[in-house]
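Peer 1: Okay, predicted coordinates and the sequence, questions at the end:
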Amino acid sequence: MSKVYQEFPQNYSDIEKYLISAPDQIIDLFFKHEKHFFYDTCSIIHHSNASSNDFIIEFFLKHSAVIIITKTVLMELSSSTFVIDPIQIDYLRKIHENGIPILFIAEEMVMDILKDALSISNEEANVLLGYAVKEVSKFKTATYNIINTLDEGVRNRIVNRNPGSETLYEPFFKYARHQKSEGDSLAEELILISIIVLTRIPVGKYILISDDLKIRSNVISVNSYIEKHHGRKAPMQLTTSRLIYEMYKNEILTVRDDMMNILSASFHGNVKVYYIGEEDIQLVDESFGKDDLLNQMLTIPEFRIVY
């Protein structure tokens, strides 16, 4: 039976106190923090299952992070049962109680953030959304299917350069969420669209925490687009393997058993990574057993995990 989704979990009241959802607070905290970590569904599940996740929280603290959870991610966390697992709620509680703000945003709110920072008209903001949607839809995955089933009038305004002054953000993102289906990468794609829009603002860094390597080429393509059009590099995709590597190099995570705990919570078999070794001049992708991967990282100084 296929998974089904709804916009708010039935136990939303159990997590509401750990999330910041008021628009004025979101905008205020968004601009108070330089590093914006968009948390994907798979990584929230993986990290919440790790008993050593205090080290991950320490990593966020060291980076003065603001965590962003989108409405589509929340939908995925409560798919089919319509409730969020208590393990994930407890992880969000720990993040919150350590003083790390967790912003819960509907994706269409990026327009409010954009307009708070820039003197930009609705029409200009709509054009920017159109460019972002077209960039992500070229992968011919979830966004491509959405734009091709969207109401013709709205679709024409998004894909053409004369979108008018009536905002397209709410109708596009609401429709997209209603088209969510099992196995797609909709949450990540809507995050990428949001980041393209947000990088029009000349401040802030964007990190996508995701173990979904299927979207790696999409992230690389979006990086190229943003660098060409907005003069910046974003987003960085932070996989759990790369996260462990970063925590080790920054002396946050130094005990092998704790590394294995986090790795095992995310991967049941071998771990595919993209890395650069001692004699490599370009990225190498390879699957490692978890013990072997940690051996490489702990004993070979030149071994650097990129994804």
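Peer 2: Sure thing, it's come through.

Peer 1: Now do the SS call for residue 67.
Peer 2: strand (DSSP: H, G, I helix; E, B strand; the rest coil).

Peer 1: need the contact list for the closest residue in space to it that isn't next to it in sequence.
Peer 2: Counting by Cβ to Cβ, 6 or more residues apart in numbering, the nearest residue to residue 67 once its immediate chain neighbours are dropped is residue 102, at 4.5 Å. The C-beta positions use only the backbone N, C-alpha and C, and glycine is treated the same way. Applying Cβ atoms under 8 Å, 6 or more residues apart in numbering, we find residue 102 in contact with 18-20, 67-69, 92, 95-96.

Peer 1: go with 10 Å
Peer 2: By Cβ atoms under 10 Å, 6 or more residues apart in numbering, the contact set of residue 102 is 15, 18-21, 29, 37, 39, 65-69, 92-93, 95-96.

Peer 1: Sitting in strands, which of those do you find?
Peer 2: Assigned to strands by DSSP state E, the following of those qualify: 37, 39, 66-69.

Peer 1: Going by distance to residue 82, which of the residues you listed wins?
Peer 2: The nearest member of those to residue 82, counting by Cβ to Cβ, is residue 69 at 16.9 Å.

Peer 1: That closest one and residue 104: what is the separation?
Peer 2: Between residue 69 and residue 104 the distance is 5 Å, computed by Cβ to Cβ, to the nearest Å.

Peer 1: So for the two, which residues contact both of them?
Peer 2: Counting by Cβ under 10 Å, 6+ apart, the common neighbours of residue 69 and residue 104 are 15, 19, 21, 92.

Peer 1: Give me the buried subset of the residues you listed.
Peer 2: Neighbour-count burial (16 or more other Cβ atoms under 10 Å) applied to the shared contacts of residue 69 and residue 104 gives 15, 19, 92.

Peer 1: Can you select the buried ones from the contacts of residue 102 in ChimeraX?
Peer 2: What follows is the ChimeraX syntax selecting those of those that are buried according to 16+ other Cβ under 10 Å:
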select :15,18,19,20,29,37,39,65,66,67,68,69,92,93,95,96
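
Peer 1: just checking, residue 107 touches residue 176?
Peer 2: Yes: look at residue 107 against residue 176 with Cβ atoms under 10 Å: they come within range, at 7.7 Å.

Peer 1: Need the overlap of contacts for these two.
Peer 2: Both residue 107 and residue 176 are contacted by 72, 190, 193, under the criterion Cβ under 10 Å, 6+ apart.
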